[in-house]
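1. Just a sequence and a predicted model for now, questions to come.
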Amino acid sequence: MNDTTDDPGYIRIEFAKAFRELCERTNNNPSDLRGKIPSDDTLRELVDHLFGGPAWLIRADERSHRRLFRDPIDVEFIKLWREYEERWEPVVRGVAWYDFFGEWEQTEPDPRSGFLRLWESADEDAKV
């Protein structure tokens with residue numbers, strides 16, 4: 001029997017489902033997330049699932065052997081993933097910080113700088 005949690009299609013579906021729910025629950029506004037997290041345990045669980053589950057698997061797979069990004073790929077998945085990287089990942093990562101340390105990071109990270117650092121790192125990895 002094949003474990004679905006290792007199936008690229010399943011991981012993409014789980015990511016899309018969790019990410020769309022997150023966008024819906026925050027009116028597609030990442031800055032709304034920080035204010036809602038302390039008082040909404042179900043939202044925090046959703047963020048923890050997204051960040052520690054499908055998004056983490058996709059990030060790790062993208063950086064290693066890119067199995068999740070081989071053809072055929074749904075264009076909608078690529079759009080969702082890039083939106084997550086650009087707009088949401090820094091805020092979601094901040095929630096993980098909050099859950100771990102019980103407080104918010106002292107400085108608000110620039111979401112574009114983290115996104116660009118990831119791309120630069122991936123470019124360097126590709127050269128090896």
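-> Structure's in. What do you need? Residues are numbered from 1 along each chain as shown.
2. Do I have it right that residue 11 meets residue 57?
-> Yes: with contact defined as CB atoms under 8 Å, residue 11 and residue 57 form a contacting pair (5.2 Å). C-beta coordinates here come from the backbone N, C-alpha and C atoms, glycine included.
3. Count residues in the vicinity of the spatially closest residue to residue 88 that is not a sequence neighbour, would you?
-> The shortest distance from residue 88 to any non-neighbouring residue, by CB to CB, 6 or more residues apart in numbering, is to residue 30 (5.2 Å). Using other CB atoms under 10 Å, residue 30 has 20 other residues around it.
4. How about residue 27?
-> 7.
5. What pLDDT does the model give it?
-> You'll see residue 27 listed with a pLDDT of 92.
6. what secondary structure does it sit in?
-> coil (DSSP: H, G, I helix; E, B strand; the rest coil).
7. Can you pull the phi/psi pair for it?
-> Reported as degrees, to the nearest 10, the phi and psi values for residue 27 are phi 50, psi 40.
8. Next, the closest residue to residue 31 other than its chain neighbours: secondary structure please.
-> The shortest distance from residue 31 to any non-neighbouring residue, by CB to CB, 6+ apart, is to residue 91 (7.3 Å). Secondary structure, three-state DSSP: residue 91 is helix.
9. OK, contacts around residue 91?
-> Counting by CB atoms under 8 Å, 6 or more residues apart in numbering, residue 91 makes contact with 30-31, 33-34, 111.
10. what does residue 32 give?
-> So residue 32 contacts residue 26 (CB under 8 Å, 6+ apart).
11. That one and residue 80, how far apart?
-> Using CB to CB, to the nearest Å, residue 32 is found at 18 Å from residue 80.
12. same question, residue 47
-> Look at residue 47 and residue 80: by CB to CB, they are 16 Å apart.
13. Have a look at those two and say which one is more surrounded.
-> residue 47 (28 against 18).
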